[in-house]
Each structure stands twice: as C-alpha cells, then as structure tokens.
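*Asks:* Below is the structure, and that's it, no one-letter string:
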C-alpha cells in the first residue's frame with residue numbers, strides 16, 4: 001500500500017532511522033531531523049498537484065510537548081512557504097526579472 005500511494009517519506013525524530021530501515025526498500029526515504037527541514041524538503045521535491053501530508057507514525061516527545069505543537073509547527077511552516085511562493089508569483093506578474 002505504501003509504495004502505491006507515496007512518492008517519498010520525510011522522516012524526523014528518534015524513530016527516523018528505524019523507519020528508514022523498514023520502509024526504504026519500498027519507498028524512497030529522507031531523514032530530515034526536524035519537522036521544518038522535512039516540510040522544506042517536501043516543498044523542494046513536490047510538483048504541482050502533489051499532496052504533502054503530515055502523517056505521524058510515532059509520538060514526537062523528543063521534539064514537542066504534544067501533538068498540537070507538532071501540528072501547529074507544520075501549519076506555520078506551510079504558511080510561510082505558501083506566502084513566499086505567492087510573493088514570487090506576484091513579483092513575476094509585475095515583471096520583476098529576479099523573481
């Protein structure tokens with residue numbers, strides 16, 4: 001099921017090495033260390049129309065106090081990246097060659 005639905009898995013936290021070992025024969029994996037790094041890597045690799053999904057496989061008490069903090073950080077980083085993309089699109093529409 002994983003290989004038929006997932007292009008790549010971006011792993012964080014203390015369970016990342018074990019998950020990479022378990023899944024790397026089925027789907028490409030990248031250990032990112034932090035959620036921000038994982039979202040940035042997924043943003044880098046995503047193509048138009050792709051879905052980037054936060055799908056926790058384990059608790060993340062090594063990095064967050066609770067699941068809400070983890071979700072808030074994911075949402076915040078996605079919003080930052082979306083805002084940056086909108087700024088680039090707007091500058092291109094205005095004819096800014098450096099956008």
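*Replies:* Alright, I've got the coordinates. Worth saying up front: this structure is predicted, and the values here are computed from it rather than measured.
*Asks:* State the helix or strand in which residue 30 lies.
*Replies:* Here residue 30 is covered by strand 29-33, with elements defined by DSSP states H and E.
*Asks:* contacts for that strand?
*Replies:* With contact meaning CB atoms under 8 Å, 6 or more residues apart in numbering, strand 29-33 is reached by 8-12, 16-17, 19-20, 23, 38, 41. All C-beta spots, glycine's among them, are computed from the backbone N, C-alpha and C.
*Asks:* can you tell me the average pLDDT over that strand?
*Replies:* On average, the pLDDT along strand 29-33 is 92.
*Asks:* so after it, what's the next helix or strand?
*Replies:* Counting by DSSP H and E, the next helix or strand C-terminal to strand 29-33 is helix 35-45.
*Asks:* quick check, distance from that next one to the centre of its chain.
*Replies:* Helix 35-45 sits 4 Å away from the centroid of its parent chain (CA atoms, centre = their mean, to the nearest Å).
*Asks:* Tell me if I'm right that residue 52 and residue 40 touch.
*Replies:* No - with contact defined as CB atoms under 8 Å, residue 52 and residue 40 do not form a contacting pair (10.8 Å).
*Asks:* Keep only those of the contacts of strand 29-33 that are in strands.
*Replies:* Judged by DSSP state E, the contacts of strand 29-33 include 9-12 as members of strands.
*Asks:* My guess is residue 50 contacts residue 8. True?
*Replies:* No - with contact defined as CB under 8 Å, residue 50 does not reach residue 8; the gap is 9.9 Å.
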